[in-house]
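Asker: Return atomic coordinates for the entry below.
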Amino acid sequence: MTSNSINKNNKELIETATDLLKKCYEPRRLVTSAAVRAESGSIYTGMGLRTPIGGTGVHAEPVAIGQAISEDERDFRTVVAMTYADVPQNGEPRVIAACGTCRELIDSYSTDADIIVLEDDERIKMPVSESLPYPAYPE
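Answerer: Numbers count the residues shown, from 1 in each chain. Predicted coordinates for the structure are as follows:
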């Protein structure tokens with residue numbers, strides 16, 4: 001098990017996702033961003049794409065992972081998602097835990113990756129494999 005403490009690299013990842021969200025934010029459509037740090041140290045980002053048509057939106061984490069893969073990255077160290085959803089007006093974006101589907105996706109591409117989540121209003125990191133005690137497709 002890895003340390004749950006947020007380090008300098010994690011803070012940089014959070015800042016990168018936050019900056020993207022602030023730049024691209026659009027109420028009801030673009031409210032979530034993600035950043036992925038690859039094994040190489042490079043950071044890749046993505047915006048969640050909401051639509052009024054059920055089932056056609058895409059979460060931010062797969063967009064960021066797809067961006068990393070398109071740059072020939074195959075191993076990820078840390079993933080974070082940020083949101084403006086349910087944040088008081090004029091508030092700062094907050095960390096949001098990856099949903100179960102995104103956790104499965106992260107785990108299927110990089111079983112050693114950490115995700116950043118909020119626990120008791122504190123940002124912590126945890127191995128994605130520990131966030132999925134019962135994965136959909138166990139080996």
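Asker: where are the low-confidence patches of this structure?
Answerer: 1-3, 87-90, 133-139 (pLDDT under 70).
Asker: Where do the helices of it begin and end?
Answerer: Taking DSSP state H, the helices of the chain run over residues 8-24, 60-70, 100-109.
Asker: Please name every helix or strand in contact with the longest one.
Answerer: Think helix 8-24. In terms of contacts (3 or more C-beta pairs under 8 Å, 6 or more residues apart in numbering; DSSP states H and E), helix 8-24 is packed against strand 32-38, strand 43-47, strand 76-83, strand 114-119, strand 122-127. For glycine as for every other residue, the C-beta is placed from the backbone atoms N, C-alpha and C.
Asker: The second one: partners in the sheet, and parallel or antiparallel?
Answerer: For strand 43-47, sheet partners with direction are given as strand 32-38 (antiparallel), following DSSP bridges.
Asker: how much does the partner strand deviate in direction from helix 8-24?
Answerer: Orientation check (axes from the mean of the first three to the mean of the last three C-alpha atoms, to 10 degrees): strand 32-38 against helix 8-24 gives 140 degrees.
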